[in-house]
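S.K.: need a structure here:
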Amino acid sequence: PRYHSLIDPDRWKNTDIISVFKQGKIYVLMAQLGLAAFQKKLGNQLNIKPGAEMMRALEVAKEVGAENWLADREIRTTLARTWSALGLWSGITLMSSLVVNLIGSNKIDQAEIERMKSVDVLEELMGEFGEKLPTVRKTLIDERDQYLAQRIKAAPGKKVVAVVGAGHVPGIKCYINQQIDLAPLEVIPPTGQFSKVIGWTILFIFLAMVAYGFINSGAATTFDMAKSWFIITGFSAALGSALALAHPLTVICSFLTAPITTLHPILGSGWVAGFVEALLRRPRVVDFENIADDLGSIRSIFKNRIGRILAVFVLTSLFGALGMFLALGSLASFL
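M.R.: Presented below is the predicted three-dimensional model:
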């Protein structure tokens, strides 16, 4: 939880990125790091330390002898539910917006922050957010409003002081008098259902094309099709790894495994490349300490081993997918 991250900022140093890949949580880690970097960027602009409001609330509670009650939902649950609910286009839109805001030079001054505290402006911003990314709005805002409202009501004591973000106040007021079951809001649904369907479909198309080529043109054509698939997918994935400045062995591994991983409904070429890169260049303590700052510029991303591993994962995945579609087009030319 964010509480533990604030009172023990060194917890990031204990992250085992190898286990993150094995458990399939790389997308959640990327979202967490991206949000942390964005918060730190805003904090640096406004000279405010991220989480300062929560730390101050904890200090005041200690001063007056009040009991602390953590009301918000576990951040990993929120991010996992958000990611699992995103479609392809929404996911691309969200990640693109996050990257643009991270490496962009846009600045928000104190006057703009004060303007956004206005109820009318806040509601307008929330409305626009809901129109552009309704799925993200549901999991990041609406569900947390419901969760916060129920947890605040369940807090012990006769007098309860809740410290929440301004964006959650209208929603909490709306749900505070309703009875909402929190159990469904804590469930992490299975991820990647859409991508699995796409993966199985591509595998079926590939096998159908190869079988058709063998039946109509013989083994020689089938061999040429397999060779074309191997070269195009392998080269594309290797190019993505190379552009991410991956270790030479990672690039070679991407080339050799892409012809298989691009056909796997679950395991993508980026997963293998990122995993191998993490094995060859294990993150150091300094990488975890600086990752939030290093994600703010493209040059720093590649200097940080965690940033480079994520870059290898993303670029190899993108180029591997591109190569897969190019290879399918090449196979079609043999028919």
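
S.K.: quick check: residue 30 touching residue 310?
M.R.: Yes - with contact defined as CB atoms under 8 Å, residue 30 reaches residue 310; the gap is 5.9 Å. Heads up, the C-betas are built off the backbone N, CA and C, glycines and all.

S.K.: of these two, who's got more company?
M.R.: The neighbour comparison of residue 30 against residue 310 (other CB atoms under 10 Å) goes to residue 310, with 25 against 19.

S.K.: what packs against the helix or strand containing that one?
M.R.: Secondary structure assignment for residue 310, by DSSP states H and E: helix 305-334. Secondary-structure packing of helix 305-334 (3 or more CB pairs under 8 Å, 6 or more residues apart in numbering; DSSP states H and E): helix 26-46, helix 193-217, helix 219-243, helix 248-261, helix 269-280, helix 285-294, helix 298-303.

S.K.: and the chain, what are its domain boundaries?
M.R.: As assigned by automatic domain parsing, the chain contains the domains 2-186, 193-334.

S.K.: ranking those domains by burial, who's on top?
M.R.: Of all these, domain 193-334 has the most neighbours on average by mean count of other CB atoms under 10 Å, namely a mean of 19.

S.K.: and the domains of the chain, which one is worst for confidence?
M.R.: When the domains of the chain are compared by mean pLDDT, domain 2-186 comes last with a mean of 73.

S.K.: tell me the contacts of residue 229?
M.R.: Shown in contact with residue 229 (CB atoms under 8 Å, 6 or more residues apart in numbering): 206, 259, 327, 330, 331.

S.K.: and it, how far from residue 154?
M.R.: Applying CB to CB, to the nearest Å, the value for residue 229 to residue 154 is 57 Å.

S.K.: same check on residue 32?
M.R.: Applying CB to CB, the value for residue 32 to residue 154 is 27 Å.

S.K.: what does residue 225 give?
M.R.: Here residue 225 is placed at a distance of 62 Å from residue 154 (CB to CB).

S.K.: now residue 134
M.R.: Applying CB to CB to residue 134 and residue 154 gives a distance of 28 Å.

S.K.: SS state for residue 264?
M.R.: What DSSP: H, G, I helix; E, B strand; the rest coil gives for residue 264 is coil.

S.K.: my guess is it contacts residue 199. True?
M.R.: Yes - in this structure, residue 264 is within contact of residue 199 by CB under 8 Å, at 6.8 Å.

S.K.: hang on, residue 172 packs against residue 144?
M.R.: No - counting by CB under 8 Å, residue 172 does not reach residue 144; the two are 9.3 Å apart.

S.K.: any common contacting residues for those two?
M.R.: With CB under 8 Å, 6+ apart, residue 172 and residue 144 have no common neighbours.

S.K.: hmm, back to that, residue 315: which of the helices and strands packed on helix 305-334 is closest?
M.R.: helix 219-243 (4.1 Å; CB to CB).

S.K.: distance between that closest one and the chain's centre?
M.R.: In terms of CA atoms, centre = their mean, to the nearest Å, the centre of helix 219-243 is found 29 Å from the chain centre.
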